[in-house]
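**Q** mind folding the following:
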Amino acid sequence: MNAYDSMRLGDTLRESHHLEITADPEAADVLILNTCSVREKAQEKVFSQLGRWRELKEQRPELIIGVGGCVASQEGQQILNRAPYVDIIFGPQTLHRLPALIDETIRVRQPSIDIDFPEIEKFDNLPPPRIESVSASVSVMEGCSKYCSFCVVPYTRGEEFSRPFDDVIEEIASLSEQGVREVTLLGQNVNGYQGRMHNGGVADFALLLRYVSEIDGIDRIRYTTSHPLDFSASLIEAYADLPKLVSHVHLPVQSGSDRILRAMKRQYTVAQYVYLIQCLREKRPNISISSDFIVGFPGETDEDFAATMQLIDQVRFDQSFSFLYSARPGTPASDFADDVPQQLKQQRLEILQVRINELARDISSLMIGTVQKVLVDRPAKKNPNQLSGRTENNRVVNFDGPHWLMGRFVDVEITMALPNSLRGRYVNCDSPGSQLLASAKS
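**A** Modelled structure (predicted):
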């Protein structure tokens, strides 16, 4: 979501002030720090970065420094108290107002704070995206109304709201006309999408996927992040009907202990989560499942952690984002006693990550000898003479091939599985619009 917002910030300032993105802070006229408050470490990095920019501000007082995103929404005036040289503070729902905030700062030379929660206004006032890739992201809903006890998102991004259905379809169709072949639908709880249609009806997420699948030129569909509570039967059925929908789901579970899930206010049980996975695998036997885990939540016992490890072995997760618990200010869990020792949290996190990595290696190894459909999106990072792309299950594949394959779907035989990527051999290039297929290793 933050990467998407940063891209849209660039689009907005390009149109309003003819600014272009630079990698050199010393060359910038405007420095924007787009922030996240999900984790404590990320929040502290905000003030470290602002400290590095302070010297630039002292050298060039006309330089404009802005802080946006969830830390800005959460901290507001406190940012100015710690870093009074900051000029602009804006929230994730007011990034479209940044041009006016810049103009106001230039005019009065006083700090400005705008951390309101307007809903659809943001998307109504953003310019058309400028895409320079064959993959693009589209925000379809924002905010969260689940109020998990550990999570700050409802307080920094507001309650759930969905963009109108026609607006989303129009944006994706426009991206297709710009050469986009793969689209990722974004939302804090993306599968909770409930978009108003022009006929007065409401489209759920499964219906949105079906319409996106019909857009010419869009040949692969991803989405993130989904919530187990909103994983409907119609969404599961979409995996039987929509070949453009990738065989990969990121479905955060957070813990394998029902007791901890209740304390987290996740509103589902481990058995309900496992049933969802079983239903998905009935429709897509080869589907890849990734998840989120919080380790060391207040009150987590050895038995609770063992239940999480048991769930990992049962589901055989492909990848994970796993974190040590840290209290987020203003959340209900911040009032809980943080009673799991830090060293024990670290030990548990290491055990969990080692096991997930083992499972990921097993899945990668099983891919050797299969032919995978890969969307070529860039030169390989370590060898620019090679090509790179992603498989349906979100693995990077590097292989030799002519550069005219860039932007196309190609068949690649997997020849080697490395810890963080795959190696492959180019087999052939598909014509546009072909279905996504993979031949399983016998």
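**Q** quick one, helices of this structure?
**A** 2-17, 40-59, 70-75, 77-82, 98-108, 121-124, 153-157, 165-177, 205-213, 233-241, 258-264, 270-283, 302-315, 342-367 (DSSP state H).
**Q** how distant is the fourth one from the center of its chain?
**A** Its chain's C-alpha centre and that of helix 77-82 lie 28 Å apart, by Cα atoms, centre = their mean, to the nearest Å.
**Q** and it, which residues are buried?
**A** Neighbour counts over helix 77-82 (16 or more other Cβ atoms under 10 Å) mark Ile79, Leu80 as buried. Any C-beta I mention is one placed from the backbone N, CA and C, and that applies to glycine too.
**Q** same check on stretch 251-270?
**A** Buried, per 16+ other Cβ under 10 Å, within stretch 251-270: 251-258, 260-261, 263-264, 266, 268, 270.
**Q** and what of stretch 305-324?
**A** In terms of neighbour count (16+ other Cβ under 10 Å), stretch 305-324 has its buried residues at 305, 307-308, 311-312, 315, 317-320, 322-324.
**Q** cool, stretch 322-338 as well?
**A** Neighbour counts using 16+ other Cβ under 10 Å place Ser322, Phe323, Leu324, Tyr325, Ser326, Arg328, Thr331, Ala333, Phe336, Asp338 of stretch 322-338 among the buried residues.
**Q** go on, stretch 69-77?
**A** Judged by neighbour count (16+ other Cβ under 10 Å), stretch 69-77 contains these buried residues: Gly69, Cys70, Val71, Ala72, Ser73, Gln74, Glu75, Gly76.
**Q** shaky segments in this structure?
**A** Applying pLDDT under 70 to the chain flags the ranges 119-120, 430-442.
**Q** tell me which of the buried residues of stretch 69-77 is nearest to Lys381?
**A** Minimum distance to Lys381 across those is 26.7 Å, recorded for Gly69 (Cβ to Cβ).
**Q** the closest one against Ala3, yeah?
**A** No. Look at Gly69 against Ala3 with Cβ atoms under 8 Å: they stay out of range, at 11.2 Å.
**Q** wait, which of the buried residues of stretch 322-338 is closest to Arg97?
**A** For the buried residues of stretch 322-338, the nearest to Arg97 is Arg328 (25.4 Å; Cβ to Cβ).
**Q** before we move on, back to that, can I get the buried residues of stretch 69-77 in CSV with distance to Leu235?
**A** Listed next are those as CSV, based on distance: Cβ to Cβ, whole Å:
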residue, distance to Leu235
Gly69, 29
Cys70, 27
Val71, 32
Ala72, 33
Ser73, 30
Gln74, 31
Glu75, 36
Gly76, 37
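**Q** wait, which of those is closest to Glu132?
**A** Closest approach to Glu132 among these (Cβ to Cβ): Gly69, at 23.1 Å.
**Q** can you pull the contacts of that closest one?
**A** Asn2, Asp5, Leu33, Asn34, Thr35, Cys36, Ser37, Gly91, Pro92 (Cβ atoms under 8 Å, 6 or more residues apart in numbering).
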